[in-house]
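Trainee: Structure for the following, please:
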Amino acid sequence: MLVGAMGQMGYVPMPLTRLTVEAKAQISVGFVKTTLECYYPQTWPQTYLQLCFPKSVNTVISEVVIENLMRDQIYCTAIVPADEAQKGNYRPSQAYDPSGQLMGSDPSANDPELFLLPLPPGRAQPGDCFRVSLTTFEPLAFEEGSYVLRLPTELPANVIPQGYSHSTMVDVIVTINSGSPQPVKYDVRSGHAVTLGVEQPGTVTMSANKDAQMPNADVEVGYRVWGNDMFLALNVTPPRPPHPADPDPRGSFVLTVAPPAPEFTHPFPRSIIFVLDRSGSMSGEPMQFAKAALMFGLRSLTPSDTFTIAAFDHEQLWFTPGGQLLAATPDNVMAAEAWIRSSVDARGLTDIMGPLQTAMRVLSSLPQSQAGKPPSLPFIFLVTDGCVQDEKDICRVVEQQVRGLMEQQRLATLGQAPPGTPPPTGIPRICTFGIGPYCNHYFLKQLASYGRGAFDVAFRPHAIQAQMQKMLTAAQRPVLSDLTITLPGVEGAELYPYPLPDLFCGMPLVISGKYSGQWPSTGITLNGMLPGGAAWSSNPVLPAKDCDLPLDKVFIKSRLDLLTAQAWLAGNPPQMVNQIVDLSIATGVPCAHTRTVGFETKKADYEAMQAQQAKDGKRKTNYAKYAIGGAAGLVVLAGLGVGAAFVFGDLGASMANAGALGGGGGMMDAGGGCCDCGDGGCGDCGDCGDGCDGCDGCDGLDVGGCTIS
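Mentor: Prediction:
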C-alpha cells in the first residue's frame, strides 16, 4: 500500500478507497495484478511518500505504475541492463523501512520480503489521489496435494475511511487454468463465498461475493493435484514469426506430471547424508533453527532408510566413522539427535568441497540393489550460509562424477561394460538449502541441478526451520527416478529444469522448454524408474487441442535462473549474458544482470513509450527520453529482494562470518573482498574463482535427438 512518512512516527498508511485483485493460477505459477486507489488527506503535512508492498522471497515484481488522478503525473518502473545503469550513473533510490529509518543503497540492507518504491520528494501534495497497479507472479505453494494461491486482501482498520467497509472496497477475481483436460477440483480455503463464472475442463473462474459476511482476510484458493494415479498433461504453443519484442520465437511446451497421493505410492528406500554448515556465521538462531529442522528430517526417516550426518566448517565432523550409513532405527535416530545437540556448534570458516566429496564417494560406492530388496535412492541434503572461493571447481567435480556414473549406467544397460567393471551405483541426488544473503544462489542451484534435486533459500532465521522441513517433507516419498522425456523427430530442445529431477509426492513435476521445427504428433513419452527398480513409461502424451496459456511466462523464471547459473559457471561471457539480459527485459522479469529503475513521466509520454515498446521491443527503449529530468530522473530501485551483488554470493562476508539477516555471527577481519568490483564483495561480476577453461558444463542445453534426459 502507499504510505506517507510522518516524522518520528515512521510510515502511516494512506486511506484506501478500492482494492481490486485479478489473479490467474496458470498450472503451477500465480500471476496477479493488484490495483488499489488511495488518497493523500488534506489534513496531512506534505512529506515523503513510498509504496510498501509485502511479498514472499519468490515473488517477482514485473511492473509497477502509480498514476496521480489529480494531475498529469505517472511514476512507473522498467528493466534495464545492469551495465547500462552503472554507466549511466543512475542514482540508487533512498528507501526507508516501515519504521522510517533510511535503508540506504547497500544491498545487504534490502528486505527480501518487502518491495519499496519511494516517490520523488515534493512531487505529491495533500489532496492528491492515486491509482497504483502492481503486476507480480510467483510459484504456487504446494500443500497436502494441492496448489495454493494466496492473495493479500486483508485490510487493516486504519486504512478503511469512514463510510467505507472492507466488503465494498475489495473485488477479487480468480481464474484457475490447470493445463489439464480434467475438471478442476478447486477449494476456497479462506472461507470466502464465491460466484462461479466460466467452468469447463481444466479451467474455472470465480469472484468473491461482496456482502457483509465477506471475511476481512487474505483470499486462499487451491486446486487438487493428487489422485489415485499419475496424471500427465501437455500444452504446446507453436513457433511465432520473429519480432523485435520477442527475442526467442521458438515454440514452447509445458508437461505437467501430477503424482499420486501418498496412499497410492510405494516408497523408495533412501540412503541419506545430511551435510550441515557449522561455520561461525551460523551461530545463534540460524544454527538453532537449522538443527531443529535437521532433527525433524531424522524423525521423518522410514525404517527402510539409511543415513548419516556431516557437520563442517574448515574441518569435517561425522556422526559415523568414514560416513558409514546406519539403519534409521529409533535408537539410531535418537543417538543422532543427541549427537547434534552435544557436538554441532558454530565455529570456524567454510569448506564445502571436502564433505561434499566424501558424501559423494560414500553414496557412489553403494550397491545398486541387493538380493530381495529394491535399489536405494541416494540423497545429499546440503545446508550452508556461506560463499566459498572454489565453487566453480566444486560444480565441475560434481558434474564429472555425475556424468561418469551416468555413463556407467548406460554401458551396463547396453551390456557393454568392460570386464571386471563393478556394477553401476546410484547417482546421488543433491538438495541444497541456502541461509541468509551471502551464499551463492546460483552455485547452490547448479549443484541441485546436477544432482536432480531441489534448491531453496531462507533469508531470516525464523524461516529456516519451516522451509527446511518443507523440503525434507517433499522429498520423503519418491515416485519415479531417472526421468527422461522422448520427443521423436524434434531437432533441438531446451528443457527446464535440466537434468530432469525425480518425481516426488510433495513436488509435482513441471517440465517446460523451447523447441525448434515441427512438434511431434505422436510418440511423446515420459520414462523413469519405479521404486522396485522396474522401468516405467507413460502412454503417449498428446497435447491439448487449444492452448491459450502464457507458456513462456510460466517457466521464464526457471529458464532465467538456469541460464544465469550456466553463465556464472562459464565466467559470464558477454554472449551468454546478453542472451539473459534480452530475455529478462523482453519478459519483464528482473534477473541478476538487469536492474529495475523507477522514473516519473506524463500520460502522453507513457503512452508513447508503450507504443514504442510494442513496435521495437523493450530492449531498444530509451527511458531517459520519457523520464522527467532525463537520465538524472532514472533511479535504481531497492527492495527487490536481496541486491544483485549478493545473488552470486559474497566471499568477503562469508570469510568475515557475517550471519543471516537478523541472525548472529562472530566477526573477524576478512581482509577485503574476492575480486576487483570495488565494494569489497563479488559485485556484479559474480566471478569468485577462475573463468571457464572449457569444461563440459558450459555448452548450453541445446540437445538434439529423440531422448532428452
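Trainee: which stretches of this structure form helices?
Mentor: Ranges of helices within the chain are 82-87, 166-169, 285-299, 330-343, 353-364, 391-414, 441-450, 461-474, 551-554, 556-569, 574-587, 603-616, 651-655, based on DSSP state H.
Trainee: any low-confidence regions in the stretch 451-600 of the chain?
Mentor: For the stretch 451-600 of the chain, the stretches with pLDDT under 70 are 544-547.
Trainee: now do the chain
Mentor: If you take pLDDT under 70 as the line, the chain has these spans: 1-10, 98, 103-111, 244-245, 367-374, 412-414, 416-417, 420-425, 544-547, 638-709.
Trainee: buried set for stretch 530-538?
Mentor: Going by neighbour count (16 or more other CB atoms under 10 Å), the buried part of stretch 530-538 is Leu530, Pro531, Trp536, Ser538. For every residue, glycine as well, the C-beta is placed using N, CA and C.
Trainee: so how far is it off the chain centroid?
Mentor: The gap between where stretch 530-538 is centred and where its chain is centred comes out at 30 Å by CA atoms, centre = their mean, to the nearest Å.
Trainee: re the thing from before, let me have the buried residues of stretch 530-538 in TSV, adding distance to Val12 as columns.
Mentor: Listed next are the buried residues of stretch 530-538 as TSV, based on distance: CB to CB, whole Å:
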residue	distance to Val12
Leu530	59
Pro531	58
Trp536	59
Ser538	57
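Trainee: just the residues you listed now: which is nearest Gln42?
Mentor: Ser538 (64.8 Å; CB to CB).
Trainee: Which single one of the buried residues of stretch 530-538 is nearest to Glu143?
Mentor: Among the buried residues of stretch 530-538, Pro531 lies closest to Glu143 (CB to CB), at 23.9 Å.
Trainee: Next, give phi and psi for the closest one.
Mentor: Note on Pro531: backbone dihedrals following degrees, to the nearest 10 are phi -50, psi -30.
Trainee: let's have the chain start at 125 instead
Mentor: New numbering, starting at 125: the last item is Pro655.
Trainee: I'd like the distance between it and Pro499.
Mentor: Pro655 sits at a distance of 9 Å from Pro499 (criterion: CB to CB, to the nearest Å).
Trainee: Overlap in contacts, these two.
Mentor: Phe392 (CB atoms under 8 Å, 6 or more residues apart in numbering).
Trainee: Now do the contacts for Gly722.
Mentor: Taking CB under 8 Å, 6+ apart as the criterion, Gly722 is in contact with Val188, Tyr199, Cys200, Thr201, Ser217, Leu241, Leu758, Val759, Leu761.
Trainee: try 7 Å this time
Mentor: Going by CB atoms under 7 Å, 6 or more residues apart in numbering, Gly722 touches Tyr199, Thr201, Ser217, Leu241, Val759, Leu761.
Trainee: now Ser270
Mentor: Taking CB under 7 Å, 6+ apart as the definition of contact, the neighbours of Ser270 are Asp311, Gly346, Tyr347, Arg348, Val349.
Trainee: Can you tell me which of those residues lies closest to Thr158?
Mentor: For Thr158, the nearest member of the contacts of Ser270 is Gly346. The distance, counting by CB to CB, is 19.6 Å.
Trainee: What count of nearby residues applies to that closest one?
Mentor: Burial of Gly346 is recorded as 24 neighbouring residues (other CB atoms under 10 Å).
Trainee: What residues are bridge-paired with it?
Mentor: Applying DSSP bridges to Gly346 gives these bridge partners: Val272, Asp311.
Trainee: now do Leu226
Mentor: When assigned by DSSP bridges, Leu226 has beta-bridge partners Tyr220.
Trainee: Could you double-check that it sits in contact with Pro216?
Mentor: No: with contact defined as CB atoms under 7 Å, Leu226 does not count as touching Pro216 (11.6 Å).
Trainee: neighbour-wise, which of these two wins?
Mentor: Neighbours per residue (other CB under 10 Å) separate Leu226 from Pro216, with Pro216 holding more: 17 against 10.
Trainee: Any idea what that one is bridged to?
Mentor: Where Pro216 sits in a bridge, its partners, by DSSP bridges, are Val760.
Trainee: Could you report the distance from Val457 to Leu418?
Mentor: Spatial separation of Val457 from Leu418 under the definition CB to CB is 11 Å.
Trainee: The two: which has the busier surroundings?
Mentor: Ranked by neighbour count (other CB under 10 Å), Val457 and Leu418 place Leu418 first, with 24 against 19.
Trainee: these two touch, right, that one and Ile464?
Mentor: Yes: here Leu418 reaches Ile464: they are 6.2 Å apart, a contact under CB under 7 Å.
Trainee: Can you give the domain ranges for this protein?
Mentor: Following automatic domain parsing, the chain resolves into domains at 126-348, 393-600.
Trainee: Take the ones you listed and write them to CSV, including distance to Arg374.
Mentor: As requested, the domains of the chain are exported to CSV (distance: least, CB to CB, whole Å):
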stretch, distance to Arg374
domain 126-348, 19
domain 393-600, 21
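Trainee: coming back round to it: format the helices of the chain as a markdown table; extra columns: distance to Tyr639.
Mentor: Conversion of the helices of the chain to a markdown table gives the following (distance: least, CB to CB, whole Å):
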| stretch | distance to Tyr639 |
| --- | --- |
| helix 206-211 | 30 |
| helix 290-293 | 46 |
| helix 409-423 | 38 |
| helix 454-467 | 47 |
| helix 477-488 | 33 |
| helix 515-538 | 23 |
| helix 565-574 | 20 |
| helix 585-598 | 29 |
| helix 675-678 | 11 |
| helix 680-693 | 13 |
| helix 698-711 | 16 |
| helix 727-740 | 26 |
| helix 775-779 | 39 |
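Trainee: wait, which of these is closest to Met354?
Mentor: helix 585-598 (16.5 Å).
Trainee: the inter-axis angle of the closest one versus helix 409-423?
Mentor: Here helix 585-598 runs at an angle of 20 degrees relative to helix 409-423 (axes from the mean of the first three to the mean of the last three CA atoms, to 10 degrees).
Trainee: tell me what helix 585-598 is packed against?
Mentor: When contacts are defined as 3 or more CB pairs under 7 Å, 6 or more residues apart in numbering; DSSP states H and E, helix 585-598 packs onto helix 409-423, strand 553-559, strand 579-582.
Trainee: Can you tell me which of the helices of the chain is nearest to Phe503?
Mentor: helix 477-488 (7.8 Å).
Trainee: Please spell out which residues along that closest one are buried.
Mentor: Judged by neighbour count using 16+ other CB under 10 Å, the buried positions of helix 477-488 are Pro479, Leu480, Thr482, Ala483, Met484, Val486, Leu487, Ser488.
Trainee: So which residues make contact with that helix?
Mentor: Residues lying outside helix 477-488 but in contact with it, judged by CB under 7 Å, 6+ apart, are 395, 397, 399, 434, 436, 440, 447, 502, 504, 506, 514, 518, 521-522, 525, 529, 549-550, 552.
Trainee: Can you tell me which of those residues are buried?
Mentor: When the contacts of helix 477-488 are checked for burial by 16+ other CB under 10 Å, the buried set is 395, 397, 399, 434, 436, 447, 502, 504, 506, 518, 521-522, 525, 529, 549-550, 552.
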